[in-house]
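Q: Pasted the sequence and its predicted model underneath.
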Amino acid sequence: VTEVISYTKRIGLKLNVFQFTVLINIHCKTNQFDQVVEVFEEMKRSGVEVNNASCNSLIASLTKSSDPHHAELLMEVWSLLRNQTPEMKSDKDRTAFSQTITMLLGYFGENQQWERVTEVISYTNRIGFKLDVFQFNALINVHGKANQFDKVVELFEEMKCSGVELDNANCRSLIASLTKSSDPRHAELLMEVWSLLRNQTPEMKSDKHRAALSQTITVLLGYFGENQQWERVTEVISYTNRIGFKLNVIQFTALINVHGKANQFDQVVEVFEEMKRSGVEPNNVSCCSLIASLTKSSDPHHAEPLLEVWTLLRNQTPEMETDKDMTALSQTITVLLVYFGENQQWERVTEVISYTKNVFQLGAHQYNTLLSSFGKANNLDALQQCLETMMQKGATNAISWQIVIQHLTKPSQRMHVAQDDVVEAWKKWRPLAQWGDDSQEEGDAVRTWVNLVQYFGSEEIANWEVVGSLEKWMLIDNFTELQKNNKRLALTALRRVYHEAERSEDAARVGGLLLASQGLNAHSRHPLSQ
C-alpha cells in the first residue's frame, strides 16, 4: 500500500476521493483506526471533499473504535454527512446509507448520547428516509440496555404504525428488553411479541442466529419461571420442540433455577433426568443450581439425585475464572456442608472438605457452618478439632466464637464442658463482639452474652465472679451503645439469673437498671414495672 502511494507521489498523481475511500475501507477492516483518522486528515490537507461514500466509510470505522479521541472526528464526519445531499440513486447507495444510519443510532445510543440519536432521526425525516427494521432494532437494543422500557414500547408501537413488520431479530430484542422490566403494563406487550415470534419461521442459518435464538429461549424460560407462569414455560419448551431446537445446558439450568426457587423439587429432578436423556452434561453452574435446590428438599427421594450431582461436581474441573464463579462455588460448598452436617453424614462432610483442598481454601463462613453442624449434633470433639484448625488458619471471627459459646453453654453440656474452655471462648470473643452497628449482629452478640450469664449463673456452675465480670463488661463498657430492645433483653436475663439464685439485692439493683433503660420506674403502670 505504501509503495502504491509513493508511486502516485512520484508520478504526480493526486489521490482522489475514491482512492481515499478505498484506504479508509481497508484500514477499517483491519481495525487500524488511527490510520483511518490519518487518511481523513490527509484528505482535508489535499483539499479532497468528502462525499457520501467516504462519510459512510469513515462512520463505519470510527463507530467501531473505543478511543475517545476518535469520537470528536466522528462528530465532524457526521456533521459533514448531514450537510450533504444523500446519494440514493441505486439500491447499493440506499443500502450503504441505511447501514450508516443504523451504525450511528447504535453508536450514539450505546454511549447514551440521546440528543445525537434525535438528530439522526430528525435527519432521516428531513430527507424522507423511512426507518427500516434494522434501525428500529438498533433503537430497541440501545434503549433496552439503558432500561428505558417505555421508549422500547414506544418504538414497538411506532413500528406497527409505520407498517414495518417485525422480524426474528426485532422480536428477540424486544423480548430481551421487556423481560427486564418490572412494569406490569409491559407484560402484555411481551406476550404479544412472544406470540409473533412463535408464528415466525426461526432464523437458524448461522451460528450467530442460533446463539441469538438460544439467548431468547433462556430469557423467556427465566422470565416465565420467575413469575410462575408455568403454562408459558411449557409453551416455550413446545416451541423449541416444534422448530427442532434442542435445549442446551444454559436453558436446563434456567429451568432448574426457577423450579428450585418455587420449591418444586420434583420438577427439578425431572429437569435433571431430561438433561441426561438428552445427552446434555451438567456443568459447574447447573450442578451448583441443582445442589442449591435439592438441599432445600426434605423429601428423602431427592437425597439420591443430590448425591449423584455432588459426584458429578467433584469430578469436574471447577470454573473459577471470575469472582461470580468463585462466589457460586463457595455458596455451593456452604450449602453442602450445612446439608450433610444437619443430616450427620460426616463422611460426606469430609468429602466436601477434601474436595475444597484441591480447589480453594475454606473461608470463615464455611468453617462456621461446620461448627454449627458439630454443635447441633453435640459432637464437641469434632467442634474442638474444627476450632483448632480455624485458629491455625486464622479463620475465626466473632460469629465463630458465638457459635462455640452457644453450644458449650447449652444446659445439656454443663456437666461435660470444662469451665476454663468457656472462659477461654469468652476471652477470644470479647474483643471481636459487635455493638451499636448492625442490629442483627448486635442482637446475636447480646444473645451470646446471655448464654454466658446463664451458664456461669446456673446452679451447676454458680461462678459469680465471672458473672460479675460479664455484668461489668456489658453495663460499664458497652451498655450505652446498645439499642433499647437489646438493653431490655440483657438486663431481663441478668435479673432472672440473680433472682433464681436468690441473690435478691443484685436482682433488685438490675431490676432498677432495667426500668431506667426503658424510661420507667417502680410506680409506672407498665407491665414491666408491675
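A: Sure, I can see it. Just so it is clear, the model here is predicted, and its values are computed rather than measured.

Q: and E500, how far is that from G457?
A: Remark: distance between E500 and G457 (CB to CB, to the nearest Å) = 8 Å. To be clear about C-beta, it is placed using only N, CA and C from the backbone, and glycine gets the same treatment.

Q: State the next helix or strand along the chain beyond the strand or helix carrying T8.
A: Assessed by DSSP states H and E, T8 sits inside helix 2-10. Note on helix 2-10: by DSSP H and E, the next helix or strand toward the C-terminus is helix 17-29.

Q: Measure how the next helix or strand after that next one sits relative to helix 2-10, angle-wise.
A: From helix 17-29 onward toward the C-terminus, using DSSP H and E, the following helix or strand is helix 33-45. Interaxial angle, helix 33-45 versus helix 2-10 (axes from the mean of the first three to the mean of the last three CA atoms, to 10 degrees): 10 degrees.

Q: Any buried residues in helix 33-45, and which?
A: F33, Q35, V36, V37, V39, F40, M43 (16 or more other CB atoms under 10 Å).

Q: got JSON lines for those residues, with distance to P282 and pLDDT too?
A: Converted to JSON lines, those look like this (distance: CB to CB, whole Å; pLDDT from 0 to 100):
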{"residue": "F33", "distance to P282": "43", "pLDDT": "94"}
{"residue": "Q35", "distance to P282": "48", "pLDDT": "94"}
{"residue": "V36", "distance to P282": "47", "pLDDT": "94"}
{"residue": "V37", "distance to P282": "49", "pLDDT": "93"}
{"residue": "V39", "distance to P282": "52", "pLDDT": "93"}
{"residue": "F40", "distance to P282": "53", "pLDDT": "93"}
{"residue": "M43", "distance to P282": "57", "pLDDT": "93"}
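
Q: What is the nearest of these to V280?
A: V280 lies nearest to F33 out of the buried residues of helix 33-45, by CB to CB, at 41.7 Å.

Q: how deep is the closest residue to the closest one other than its chain neighbours tucked in, by neighbour count?
A: Leaving aside its sequence neighbours, F33 sits nearest to S65 (CB to CB, 6 or more residues apart in numbering; 4.1 Å). S65 has 20 neighbours, counted by other CB atoms under 10 Å.

Q: what sits up against the helix or strand hosting L80?
A: Per DSSP H and E, L80 falls inside helix 68-82. Helix 68-82 has contacts (CB atoms under 8 Å, 6 or more residues apart in numbering) with 33, 37, 40, 50, 52, 55-56, 58-59, 62-63, 100, 104, 107, 111, 116, 119, 123.

Q: Now the buried members of these.
A: 33, 37, 40, 50, 52, 55-56, 58-59, 62-63, 100, 104, 107, 116, 119, 123.

Q: Would you mind measuring from the most centrally placed residue in the chain to K296?
A: In the chain, the centroid-proximal residue (CA atoms, centre = their mean) is K324; its distance is 7.6 Å. To K296, K324 is 22 Å away according to CB to CB.

Q: so who does K487 touch?
A: Contacts of K487 (CB under 8 Å, 6+ apart): F479, L514, S517, Q518.

Q: should've said W114
A: F108.

Q: Quick check: next helix or strand after the helix or strand containing E115?
A: Secondary structure from DSSP H and E places E115 in helix 114-126. Once helix 114-126 ends, the next helix or strand along the chain (criterion: DSSP H and E) is helix 133-145.

Q: Against which helices or strands is that next one packed?
A: Judged by 3 or more CB pairs under 8 Å, 6 or more residues apart in numbering; DSSP states H and E, the packing partners of helix 133-145 are helix 91-110, helix 114-126, helix 149-162, helix 168-178.

Q: low pLDDT regions in the chain?
A: In the predicted model of the chain, residues 436-438, 521-530 satisfy pLDDT under 70.

Q: residue ranges for the strands of it, please.
A: Counting by DSSP state E, the chain forms no strands at all.

Q: Quickly note the distance from the residue of it most remote from its centre to K376.
A: What lies farthest from the middle of the chain is I11; by CA atoms, centre = their mean that is 63.2 Å. Taking CB to CB as the measure, I11 falls 91 Å from K376.
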